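A.B. asks: One predicted model, sequence on top.
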Protein chains: 2
Amino acid sequence: MTVLEVPGDSPFGTSNLPYGVFSTADAGPRVGVRLGEWVIDLSRALGEECFAHPSLNAFLAQGRARWAEVRGRLAELVTGEVPDDAVVGLGAARMHLPFEVADYVDFYASQSHATNLGRLLRPDSVPLLPNWKHLPVGYHGRSGTVVVSGTGVVRPCGQLGPTGGPGPDFGPSRRLDIEAEVGFVVGVGSEPGSRITPAEFADHVFGVVLVNDWSARDLQSWEGAPLGPFLGKSFATSISPWVVPLAALEAARIDTPAQVPEPLPYLRGGGRWGLDIELSVAWNGDVVSRPPFREMYWSPAQMLAHLTVNGARTRTGDLFASGTVSGPTRDQYGSFMELSWGGSEPVTVGGRPRTFLEDGDEVVISATAPGGDGRRIGLGEVRGRVAAAR
Amino acid sequence: MTVLEVPGDSPFGTSNLPYGVFSTADAGPRVGVRLGEWVIDLSRALGEECFAHPSLNAFLAQGRARWAEVRGRLAELVTGEVPDDAVVGLGAARMHLPFEVADYVDFYASQSHATNLGRLLRPDSVPLLPNWKHLPVGYHGRSGTVVVSGTGVVRPCGQLGPTGGPGPDFGPSRRLDIEAEVGFVVGVGSEPGSRITPAEFADHVFGVVLVNDWSARDLQSWEGAPLGPFLGKSFATSISPWVVPLAALEAARIDTPAQVPEPLPYLRGGGRWGLDIELSVAWNGDVVSRPPFREMYWSPAQMLAHLTVNGARTRTGDLFASGTVSGPTRDQYGSFMELSWGGSEPVTVGGRPRTFLEDGDEVVISATAPGGDGRRIGLGEVRGRVAAAR
């Protein structure tokens, strides 16, 4: 047995305990919990078969009471002794996609981001469209290309739109971008024809990941009317390997900004589900932005209520992301499109002026949140490096 | 042993042999093949475990050579004798969703439909947007709400857009519509970063289903800018229970209409994958339209080439639909939005003037195609009845 001592200021201390799926040289993917610089092998530590799976889905489907029970047992375990064979050093663990993604939805819930994109993409009209303050605008993305942090991202090819000739150009994207987002993982789904109210949010959503919604702006702007983003997004969406349970984010809960006009009744109530998560975007090691999730206009509880108001069922493994997290000031913008103002105002990275992504660039989005006791918990990071187009 | 004699003019004769998943009073869901008014239980007829599954996915993943081998064995079986315990009357078979849907994509490949919708929804601008003749416009839909024919469709609630007051109305959709489409089922997926050329279409796509892409036009028009359809579509998408293999559609292959301007190289070649499928839309028993798939501007091989040109991987069970099939004349329009010209020119159904769907309405989309020898094969039907909003 081993006592795992974690420094009091660790972002992965005993009040966090996020779940992931890891493998080691001697054993395949299974569920683990991160504590400090260790991974605790849950099937060995708790002796339960549902943690021997290569995804969290079986555990996610068990529901809120069970999530609380396991969290309680973990809290006892990590303040006592852990079986030796259940402890793996973080460096020996290879992380995998933590859950099988069912449906993936991406929202557009930052007023600053929606306003900035409106200014950049539709300069002749009002930046924020009439629907935006009445509903969390969103669309479905491609589940099959959600990948775990560390997976290389191949620069996508496609139609770039006309740039002088009569038809569109074709080739590797020249305006490859990131979007720093927070994603929410559905544990317990809902039946066809039923709705999830904001008050039922924590009965259905298990936890939170960080998301990089890689975006090829040239593909996106040419293809996107009238049915929205498609190939400009569908090549890759990266998520962080550690799913932080909502239970670890109690101290991060805040009110959303004031919502005026008042939303329709189905979007009201349910308690405070704004979250005081501080993101950080590092571009080749230089932190270029610190997007504040607390500025998001729509809460994730409102997003889920909206997603299901038409009776659409949800399933274990559904992922919905917030959309780009951008705050009101430039050093808080969550995409390079906004940071470089459409490519017209370069930012300095590694001493050079930069606009969009070059081959070899690496982006790391990380985040922390209040964890209680004045400490901060970590949401880990989502990392990706751009590989040349094939 | 039983000899199954099928009339020569049956749309489900020996040249069709579509696959589905059925259950009976005494046994759970498993794979069957339709012949005339029978279902042949494949795990019993062929003695193979992969057909004992409650979905086609295991068989789909086995690839084109295997699909051909099984089709060859079936052709022998149905012209000879079938084991008694492998024969089920169609009336005793309950049909299920034939495959687990991975990602669902919906295209917009009919020029008449795109032009009609452009005229109706954007009357002040050019109906066909500049990108439309350069790429098959599409978007991702919700996989989790794809349901099998016969499943009731609950009228969705949602934001209907402002109709006089300062904010949007809320309630059951008042403009519930159908879209008659053809869907394509991916058997063998593709790796991340790779493309599927039009010439590789039949190596990846197993077969065809009929699709009713139920659409709440009032939700859709209010929510849809700038990210496209979301709740206006995500409540339900119905598909036919029988997947007709591409191998049964050889005689239906035709050229697409002339494509001017010539598409980019990645969308060229691969042989003729236009399909001469004749759809029929019955509204409470009255046939109101006969949409011709042969008029579709983009072929399904071009749709798949486009879907993967950015390197997006595909998976077994991916479904991509054509978008509404509408021909150039009104009796060929594949949605009620078009048939009733936005609700302004009612059509006669059951002797009454009608525009959008009322509670209790039933819509049946069926189709046939040339099957060789001057005969026609059936694609079956996708049926759905509207239930009142909850």
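C.D. replies: Right, received. Where do you want to start? Numbers count the residues shown, from 1 in each chain, chains lettered A, B, ... in the order given.

A.B. asks: ok, A:Gly8 touching A:Arg375?
C.D. replies: Yes - at 7.1 Å, A:Gly8 counts as touching A:Arg375 under the criterion of Cβ atoms under 8 Å. In short, each C-beta sits where N, CA and C put it, glycine included.

A.B. asks: So which of these two has more stuff around it?
C.D. replies: Per other Cβ atoms under 10 Å in any protein chain shown, whichever of A:Gly8 and A:Arg375 has more neighbours is A:Arg375, with 16 against 8.

A.B. asks: which one is the residue of the stretch 201-350 of chain A found nearest chain B nearest to, not counting chain neighbours?
C.D. replies: Per Cβ to the nearest Cβ, A:Gly228 is where the stretch 201-350 of chain A lies closest to chain B, at 2.4 Å. Ranked by Cβ to Cβ, 6 or more residues apart in numbering or on different chains and with sequence neighbours excluded, the top spatial neighbour of A:Gly228 is B:Gly228, at 2.4 Å.

A.B. asks: I'd assumed A:Pro226 was in contact with the one you found.
C.D. replies: Yes - contact criterion Cβ under 8 Å: B:Gly228 and A:Pro226 qualify, at 7.1 Å.

A.B. asks: So for those two, which sits in the more crowded spot?
C.D. replies: Using other Cβ under 10 Å as the criterion, B:Gly228 and A:Pro226 rank with B:Gly228 on top: 26 against 20.

A.B. asks: residues in contact with the residue of the stretch 201-350 of chain A closest to chain B?
C.D. replies: Taking Cβ atoms under 8 Å, 6 or more residues apart in numbering or on different chains, we find A:Gly228 in contact with A:Tyr139, B:Tyr139, B:Gly224, B:Pro226, B:Leu227, B:Gly228, B:Pro229.

A.B. asks: Confirm that the second one sits in a strand.
C.D. replies: When you say that, I think you mean B:Tyr139. Yes - assessed with DSSP: H, G, I helix; E, B strand; the rest coil, B:Tyr139 lies in a strand.

A.B. asks: ok, back up a step: any idea how far A:Val137 is from the residue of the stretch 201-350 of chain A closest to chain B?
C.D. replies: Separation of A:Gly228 from A:Val137 (Cβ to Cβ, to the nearest Å): 10 Å.

A.B. asks: which residues are common contacts for those two?
C.D. replies: B:Pro226, B:Leu227.

A.B. asks: per-residue confidence at the residue nearest to A:Gly228?
C.D. replies: In this model, B:Gly228 is scored at 96, pLDDT.

A.B. asks: in what helix or strand does it lie?
C.D. replies: Assigned by DSSP states H and E, B:Gly228 belongs to no helix or strand.

A.B. asks: and the stretch 201-350 of chain A, which of its residues are near chain B?
C.D. replies: Residues of the stretch 201-350 of chain A lying close to chain B (Cβ under 8 Å from any Cβ of the partner chain) are A:216, A:219, A:222-232, A:234-236, A:261, A:264-266, A:306-307, A:309-315, A:318.

A.B. asks: Select only the buried ones of those residues in ChimeraX?
C.D. replies: Per 16 or more other Cβ atoms under 10 Å in any protein chain shown, the buried members of those correspond to this ChimeraX selection:
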select /A:216,219,222,223,224,225,226,227,228,229,230,231,232,234,235,236,264,266,306,307,309,310,311,312,313,314,315,318
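
A.B. asks: Just the ones in helices from the residues of the stretch 201-350 of chain A next to chain B, please.
C.D. replies: Residues of these located in helices (DSSP state H): A:Leu219, A:Trp222, A:Glu223, A:His306, A:Leu307.

A.B. asks: Just confirm the second one contacts A:Asp169, I think it does.
C.D. replies: No - assessed by Cβ under 8 Å, A:Trp222 is found out of contact with A:Asp169, at 9.2 Å.

A.B. asks: Overlap in contacts, those two.
C.D. replies: A:Gln159, A:Leu160, A:Gly161.

A.B. asks: Quick check: the first one touching A:Gly224?
C.D. replies: No - here A:Gln159 does not reach A:Gly224: they are 11.5 Å apart, not a contact under Cβ under 8 Å.

A.B. asks: Against which helices or strands is the biggest helix by length in chain A packed?
C.D. replies: For chain A, the longest helix by residue count, based on DSSP H, is helix A:64-79. Contacts defined by 3 or more Cβ pairs under 8 Å, 6 or more residues apart in numbering or on different chains; DSSP states H and E place helix A:64-79 against strand A:38-41, helix A:42-46, helix A:57-60.

A.B. asks: Could you list the residues of the stretch 1-150 of chain A in contact with chain B?
C.D. replies: Looking at chain B, the residues of the stretch 1-150 of chain A close enough under Cβ under 8 Å from any Cβ are A:102-103, A:105, A:108, A:117-118, A:121-122, A:129-131, A:134-135, A:137-145, A:147.

A.B. asks: What about those, which are in strands?
C.D. replies: A:Val105, A:Gly138, A:Tyr139, A:His140, A:Gly141, A:Val147 (DSSP state E).

A.B. asks: Scan these and report the most crowded one.
C.D. replies: A:His140 (29 neighbours).

A.B. asks: Just send the helices and strands packed on helix A:64-79 back as a markdown table, with mean neighbour count and mean pLDDT too.
C.D. replies: As requested, those are exported to a markdown table (neighbours: other Cβ atoms under 10 Å in any protein chain shown; pLDDT from 0 to 100):
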| stretch | mean neighbour count | mean pLDDT |
| --- | --- | --- |
| strand A:38-41 | 24 | 98 |
| helix A:42-46 | 20 | 96 |
| helix A:57-60 | 21 | 98 |
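
A.B. asks: CSV for those, including distance to B:Glu362?
C.D. replies: As requested, these are exported to CSV (distance: least, Cβ to Cβ, whole Å):
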stretch, distance to B:Glu362
strand A:38-41, 54
helix A:42-46, 50
helix A:57-60, 36
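
A.B. asks: So the residue of chain A most remote from its centre versus B:Ser112, what's the distance?
C.D. replies: Distance to the chain centre peaks in chain A at A:Pro166, reaching 39.2 Å (criterion: Cα atoms, centre = their mean). Distance, A:Pro166 to B:Ser112, using Cβ to Cβ: 24 Å.

A.B. asks: got it, and A:Arg34?
C.D. replies: 56 Å.

A.B. asks: just the ones in helices among the residues of the stretch 201-350 of chain A next to chain B now: which is nearest A:Gly183?
C.D. replies: A:Leu307 (13.3 Å; Cβ to Cβ).

A.B. asks: ok, the residue farthest from the centre of chain A touching B:Pro261?
C.D. replies: Yes - under the criterion of Cβ under 8 Å, A:Pro166 makes contact with B:Pro261 at 7.4 Å.

A.B. asks: Arrange the ones in helices among the residues of the stretch 201-350 of chain A next to chain B in JSON lines, one row each, with pLDDT as further columns.
C.D. replies: As requested, these are exported to JSON lines (pLDDT from 0 to 100):
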{"residue": "A:Leu219", "pLDDT": "97"}
{"residue": "A:Trp222", "pLDDT": "96"}
{"residue": "A:Glu223", "pLDDT": "97"}
{"residue": "A:His306", "pLDDT": "98"}
{"residue": "A:Leu307", "pLDDT": "98"}
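
A.B. asks: Got the domain ranges for chain A?
C.D. replies: Here the domain parsing of chain A from automatic domain parsing is A:19-96, A:104-387.
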